[in-house]
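Chemist: return a 3D structure for these sequence lines:
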Amino acid sequence: MKYFISDGGGTITWYEPPPVETTADNTLIRTNNTQFLQGSTNVTLSWNFSLASDLNPLLVVEVKLNTDLVVQILPVSGQVTLQEGFKNRFSARWINSQRVALVIFNANVDDNGTFACEMSTFGGGLKIWRRDIQVKVLGKL
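Modeler: Numbers count the residues shown, from 1 in each chain. Below is the predicted model of the structure:
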């Protein structure tokens with residue numbers, strides 16, 4: 001499948017994770033670092049954003065752990081699908097069409113890595129926007 005990747009038009013404003021910024025550069029990927037103690041329960045990772053109207057429609061939102069797809073969201077229907085291997089470890093919510101919340105039930109070393117939120121838009125051509133959260137799970141003290 002071949003896509004036209006646009007290099008112009010449209011902006012996204014990221015509110016979470018920090019820093020808050022507005023950009024038209026979909027190749028810009030910021031990484032926020034966070035740490036949890038092993039065994040921490042119901043730890044939430046959040047991505048909050050606002051898209052310029054010319055980036056609509058928002059086609060799909062995906063959260064990945066390293067390269068593994070954890071959750072896929074279809075914004076038009078609001079459907080949130082956790083992938084089979086992650087259903088017992090995570091839950092996910094799609095809030096007000098601009099926020100993804102991923103809850104880790106019981107943090108452990110398997111959660112070390114980069115959680116990436118990728119959003120695909122099609123205003124003026126396919127664009128993929130991404131923000132990362134680097135997670136480090138520390139041993140119990």
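
Chemist: so what's the residue nearest the centre of the chain bridging to?
Modeler: Centroid-nearest residue in the chain, with CA atoms, centre = their mean: residue 117, separated by 1.8 Å. Beta bridges link residue 117 to residue 63, residue 131, judged by DSSP bridges.

Chemist: do you know the pLDDT at it?
Modeler: Each residue has a pLDDT score; the one for residue 117 is 98.

Chemist: next: residue 133.
Modeler: pLDDT recorded at residue 133 is 98.

Chemist: hmm, back to that, my read is that the residue nearest to the centre of the chain contacts residue 69, right?
Modeler: No - assessed by CB atoms under 8 Å, residue 117 is found out of contact with residue 69, at 11.8 Å. (Each C-beta comes from the backbone N, C-alpha and C, glycine too.)

Chemist: could you tell me which residues touch both of the two?
Modeler: Common contacts of residue 117 and residue 69 (CB atoms under 8 Å, 6 or more residues apart in numbering): 62, 63.

Chemist: in stretch 124-141, what's buried?
Modeler: Residues of stretch 124-141 classed as buried: 127, 129, 130, 131, 132, 133, 135, 137 (neighbour count, 16 or more other CB atoms under 10 Å).
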